[in-house]
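Chemist: The following comprises the amino acid sequence and a computationally predicted model.
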Amino acid sequence: MRILVFGAGAMGSLFGSRLSIRNHVTLVGRREHVRAIREKGLVVRGETKGVFYIDAIENVEEYEGYPDLILIAVKSYDTEDAVREIVRRFGKEIYVVSLQNGLDNLDKMKKHLGEDRIILALTTEACTFSRPGEVLHTGRGKTILGSLTEMDMVEKLGEELNLVGFEAEISKDIIRDMWRKAMINACINPLTALLEVENGRLKNPVLFEIVRRVCRECVEVAVAKGLDIEYDDMLKEVEEVIDATSRNLSSMLQSLMRGRKTEIDSINGYICKVGGEYGIRTEVNDLLVKLIRMKEARR
Ligand code: KPL
């Protein structure tokens, strides 16, 4: 397949690297990253190892022809701009896969694309951006794929991801899985970002008590929304991801370290908003949102 990765940060670069083993991949990224990849290839260390000689460009206008699918890996606050740019360049018939965190990407994508063109890829792979041209694959995870309508492309991408060494599964209920993934992020990302620690530090008993409380509030909101999610299962899953990604710096921490905005509004902020609609108190999540905003303001 011809695959275009729009947003070659840590995760986009990692997926692009492995997918390039069997596909023609082009990365769209920031100038320094693109320049480094063109000069020396994309270096991936850690759980994935190698130098991948992949095409890299700075914007979609430079892409020649049409890809079979586009993987969007930009931050959730940039989703709409990214989709607008993609549709302007390739039209509305293109398959777009969201490889992102957050609960609002789907709605943003639906404003510009038909449901039959949108795929969600929810991943717990862990990856850090080391420097332009280099990423570190810090922890293995699963990637759940799904869409709102039956689509052959979901199966095809799932097969491809498995063939290049990711663990991919097709979801039976992608909305529920999107919430599950967002809850994992809600429990891990803000706390690690505030305390500037690797994910594994959340196993500290004091910190894990906060994780429990965040998780409980998130599950209450999800259940009020009609999703079939149980607190014990969810907490277990959060703990498994903390263990599997214990050496990783969460994407929220990485954003703050690089002086960037975080995805807090699409994760905990979104959960608080929905909680408000159903009259559910989300005190701990509210607090985390406020603290992350304070930290963002100090950038
Ligand atoms: O998705 C992640 C993130 O950091 O955004 C996890 C899986 C929590 C890994 O850090």
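Modeler: Received the coordinates, thanks.

Chemist: what number of residues lie near the closest residue to I118 other than its chain neighbours?
Modeler: Of all residues not flanking I118 in the chain, M109 sits nearest, at 5.1 Å (Cβ to Cβ, 6 or more residues apart in numbering). Every residue, glycine included, has its C-beta placed from N, CA and C. M109 has 26 neighbours, counted by other Cβ atoms under 10 Å.

Chemist: Touching, M109 and D81? I think so.
Modeler: No. Contact criterion Cβ atoms under 8 Å: M109 and D81 do not qualify, at 11.8 Å.

Chemist: Is stretch 266-284 in proximity to the ligand?
Modeler: No. Against the ligand, stretch 266-284 shows no contacts by Cβ under 6 Å from any ligand atom, the least distance being 8.7 Å.

Chemist: quick one: terminal-to-terminal distance for that stretch?
Modeler: 16 Å (Cα to Cα, to the nearest Å).

Chemist: And stretch 108-124, by the same measure?
Modeler: Terminal residues of stretch 108-124 lie 22 Å apart, using Cα to Cα.

Chemist: buried set for it?
Modeler: Neighbour counts using 16 or more other Cβ atoms under 10 Å place K108, M109, H112, L113, R117, I118, I119, L120, A121, L122, T123, T124 of stretch 108-124 among the buried residues.

Chemist: In strands, which of those fall?
Modeler: Among those, the subset assigned to strands under DSSP state E consists of I118, I119, L120, A121, L122, T123.

Chemist: so what pLDDT did the nearest residue to the second one once chain neighbours are set aside get?
Modeler: Counting by Cβ to Cβ, 6+ apart, V97 is the residue found nearest to I119 once chain neighbours are left out, at 4.3 Å. The confidence metric pLDDT takes the value 98 at V97.

Chemist: Who does V97 form a beta bridge with?
Modeler: Counting by DSSP bridges, V97 forms beta bridges with L71, I119.

Chemist: What residues does it make contact with?
Modeler: Taking Cβ atoms under 8 Å, 6 or more residues apart in numbering, we find V97 in contact with L69, I70, L71, I72, I119, L120, A121, L145, L157.

Chemist: Quick check: which element contains the spatially most central residue of the chain?
Modeler: Geometric centre of the chain, nearest residue: Q100, 2.8 Å, by Cα atoms, centre = their mean. Of the helices and strands defined by DSSP states H and E, none includes Q100.

Chemist: Would you confirm that it contacts K75?
Modeler: Yes. The pair Q100 and K75 passes the contact test of Cβ under 8 Å, sitting 7.5 Å apart.

Chemist: Can you pull the domain assignment for the protein?
Modeler: Domains of the chain are assigned by automatic domain parsing as 2-172, 176-297.

Chemist: Can you name the residues of the protein that neighbour the ligand?
Modeler: When proximity is defined as Cβ under 6 Å from any ligand atom, the chain approaches the ligand at 101, 124, 126, 184-185, 188-189, 199, 241, 245, 248, 250-251.

Chemist: now, which of the residues you listed sits nearest V223?
Modeler: I184 (16.7 Å; Cβ to Cβ).

Chemist: do you know how far that closest one is from I229?
Modeler: Noted for I184: a distance of 12 Å to I229, by Cβ to Cβ, to the nearest Å.

Chemist: Compare neighbour counts for the two and give me the winner.
Modeler: For I184 versus I229, neighbours defined as other Cβ under 10 Å are more numerous around I184 (25 against 19).

Chemist: what sits against the more buried one?
Modeler: Neighbours of I184 in contact, by Cβ under 8 Å, 6+ apart: T124, E237, V238, V241.

Chemist: show me where the stretch 1-150 of the chain has strands.
Modeler: 2-6, 24-28, 42-46, 50-52, 55-57, 69-72, 95-98, 118-123, 126-131, 134-139, 142-146 (DSSP state E, counting those that start in this stretch).

Chemist: in the one helix or strand I184 maps to, what counts as buried?
Modeler: In this assignment (DSSP H and E), I184 forms part of helix 174-195. Neighbour-count burial for helix 174-195, counted by 16+ other Cβ under 10 Å, picks out 174-194.

Chemist: Much appreciated, bye for now.
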